[in-house]
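Visitor: Please find the sequence and the predicted model below.
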Amino acid sequence: MPNRKLLPGLLVIVALSLAGTFAYLRYKSSDPLATRNEMLARMPASANAVVFLDLAALRASPFLAQLFAWAPRPAPDEDYAQFVQATGFNYERDLDRVALAVSRASNGSIFLVIADGRFDRTKIEAYARRSGKSEARNGATIFSIAPSGTSQALFFTFLREDRMAWTNDPSAAALFWQPDPFAAEWRERYVRLAGTPLFAVIRQDSGAASALAQQAPGGFRSPQLAALLAQLQWISIGAKPDGNLLRVVAEGECESEATMRQLNDILSGILVLAQGGLKGADTRKKLDPQLREGYLELLQSAEVQKVDRGSSKSVRVVFDVTPKLLQAARGAGPPVGTATPAGQPPTH
């Protein structure tokens, strides 16, 4: 039996240890980076794309207020309006962070959403029971709701009081996804994007590259560019407010130095051509002056960079989205250079 004289000292040590452990755990759970990593660790390694949005961080930026003022506000969906009324949850106010993984399947796409926020769990679960079904699975309660006008159900569960998981996977297996020890490739790219409140990471294939190439303005579409994009293995896009600007960084990766060199040259050339086109007399006549100035600001801020990480080579494009561009684009029509579909006359 311990000496009675030692007991007070031992009790102090135990108390201090417990207090330290509690403080550490509390700090860790409130650390934005630790929270972000917890959410991203639940994204399936088999995903084709992962998107992360930290609304809590963005709310502190003046750019977010400008973006909300610029973005069109469609009438609320009836299902969502009923959900807000029944639960008191409003994503603009109560949603803090979202991580989304999308995986292609034979019958469409499977998604998994992990959302952190201020949820009234009692009200949300009561609403789900009235509007759908619930069942116990793997020690958790899984709710299913079919939005009106659709036959596909959505499934969700609470991972904790301030975290929910959603999926359209009928097996609901995605809700119980655990961190994958083989997801090193994804983790490497998440680390590069640390501190970025909005980003997307895409594990590339030729189909996605072709779709991306088709989004280019008609005057700048290039079979050579599409072929180079098809060789990329990863595409990362991150956005971070900087005062009243939004700094955007897009990066494509592959193992071929030759591919990256060609892609760097083509993208650099496109920037030069675009600036020259906007300064031309014909564009000055056709394009709204404020919108033209906004495009010029974006292009003048743009920079194409080559990055060599040894095993992978990258081309990075950096540019700024300015308030002038947002204000001008709000009331503008199609951007200059938009192609007319083959076989159709231009509209006036």
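Guide: Looks like it arrived, so ask away.

Visitor: Need the residues that contact the helix or strand hosting residue 271.
Guide: Secondary structure from DSSP states H and E places residue 271 in helix 257-279. For helix 257-279, contacts defined as Cβ atoms under 8 Å, 6 or more residues apart in numbering pick out 219-220, 222, 224-225, 228-229, 231-232, 252, 254, 283, 287, 292, 295-296, 299-300, 302, 304, 306, 313-315, 317, 336-337. Bear in mind the C-beta positions are built from the backbone N, C-alpha and C, glycine included.

Visitor: now the strands for the protein?
Guide: Assigned by DSSP state E, the strands in the chain fall at 49-54, 95-105, 108-117, 133-137, 140-145, 154-160, 163-167, 198-203, 234-242, 245-254, 303-308, 313-321.

Visitor: what residues are up against the nearest residue to residue 39 once chain neighbours are set aside?
Guide: Closest residue to residue 39 apart from its sequence neighbours, by Cβ to Cβ, 6 or more residues apart in numbering: residue 99 at 4.2 Å. When contacts are counted by Cβ under 8 Å, 6+ apart, residue 99 touches 39-40, 42-43, 50-53, 113-115.

Visitor: thinking again about what came up before, which one, of the strands of the chain, ends up nearest to residue 85?
Guide: strand 140-145 (15.4 Å; Cβ to Cβ).

Visitor: How much space separates residue 86 from residue 98?
Guide: Relative to residue 98, residue 86 is positioned 21 Å away (Cβ to Cβ, to the nearest Å).

Visitor: Hmm, I typed the wrong one, I wanted residue 238.
Guide: 15 Å.

Visitor: Repeat that for residue 140.
Guide: Counting by Cβ to Cβ, the gap from residue 140 to residue 98 is 20 Å.

Visitor: Which one of these two is surrounded by more residues?
Guide: Neighbours were counted for residue 140 and for residue 98 using other Cβ atoms under 10 Å; residue 98 has more, 18 against 14.

Visitor: I figured that one hits residue 163, correct?
Guide: No. Taking contacts as Cβ atoms under 8 Å, residue 98 lies outside contact range of residue 163: 10.8 Å.

Visitor: Common neighbours of the two, please.
Guide: Listed as contacting both residue 98 and residue 163 by Cβ under 8 Å, 6+ apart are 114-116.

Visitor: Identify, from those, the entry nearest to residue 81.
Guide: Among the shared contacts of residue 98 and residue 163, and counting by Cβ to Cβ, the member closest to residue 81 is residue 115, at 18.8 Å.

Visitor: so that closest one touches residue 94, yeah?
Guide: No. Between residue 115 and residue 94 there is no contact under Cβ under 8 Å: 9.9 Å.

Visitor: Could you export the strands of the chain to TSV, including columns for distance to residue 174 and mean pLDDT?
Guide: Shown next, in TSV, are the strands of the chain (distance: least, Cβ to Cβ, whole Å; pLDDT from 0 to 100):
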stretch	distance to residue 174	mean pLDDT
strand 49-54	13	95
strand 95-105	8	92
strand 108-117	4	93
strand 133-137	12	90
strand 140-145	11	92
strand 154-160	9	94
strand 163-167	4	95
strand 198-203	17	94
strand 234-242	22	94
strand 245-254	26	93
strand 303-308	33	94
strand 313-321	30	94
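
Visitor: Kindly reformat these as a markdown table and extend each row with distance to residue 64.
Guide: Formatted as a markdown table, the strands of the chain follow (distance: least, Cβ to Cβ, whole Å):
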| stretch | distance to residue 64 |
| --- | --- |
| strand 49-54 | 11 |
| strand 95-105 | 13 |
| strand 108-117 | 16 |
| strand 133-137 | 35 |
| strand 140-145 | 29 |
| strand 154-160 | 26 |
| strand 163-167 | 22 |
| strand 198-203 | 10 |
| strand 234-242 | 7 |
| strand 245-254 | 9 |
| strand 303-308 | 24 |
| strand 313-321 | 12 |
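
Visitor: what comes into contact with stretch 84-93?
Guide: The contact list for stretch 84-93, computed with Cβ under 8 Å, 6+ apart, reads 68, 76, 83, 117-120, 123-124, 126-127.

Visitor: ditto for stretch 147-165
Guide: Contacts for stretch 147-165 (Cβ under 8 Å, 6+ apart): 39, 42, 78-79, 112-119, 121, 125, 128, 132, 140-146, 166-170, 172, 174-175.

Visitor: which parts of it are buried?
Guide: Residues of stretch 147-165 classed as buried: 147, 154-159, 162-165 (neighbour count, 16 or more other Cβ atoms under 10 Å).

Visitor: Let me have the residues you listed in TSV, extended by distance to residue 264.
Guide: Output for the buried residues of stretch 147-165, formatted as TSV (distance: Cβ to Cβ, whole Å):
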residue	distance to residue 264
147	45
154	43
155	44
156	44
157	46
158	47
159	43
162	44
163	41
164	42
165	40
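
Visitor: so which two of those are the farthest from each other?
Guide: For those, the farthest-apart pair by Cβ to Cβ is 147 and 162; their separation is 24.1 Å.

Visitor: So what sits opposite the residue nearest to the spatial centre of the chain in the bridge?
Guide: The centre of the chain sits closest to residue 51, judged by Cα atoms, centre = their mean, with a distance of 3.1 Å. Beta bridges link residue 51 to residue 100, residue 200 when assigned by DSSP bridges.

Visitor: check contacts around it.
Guide: 98-100, 102, 199-200.

Visitor: Good, wrapping up.
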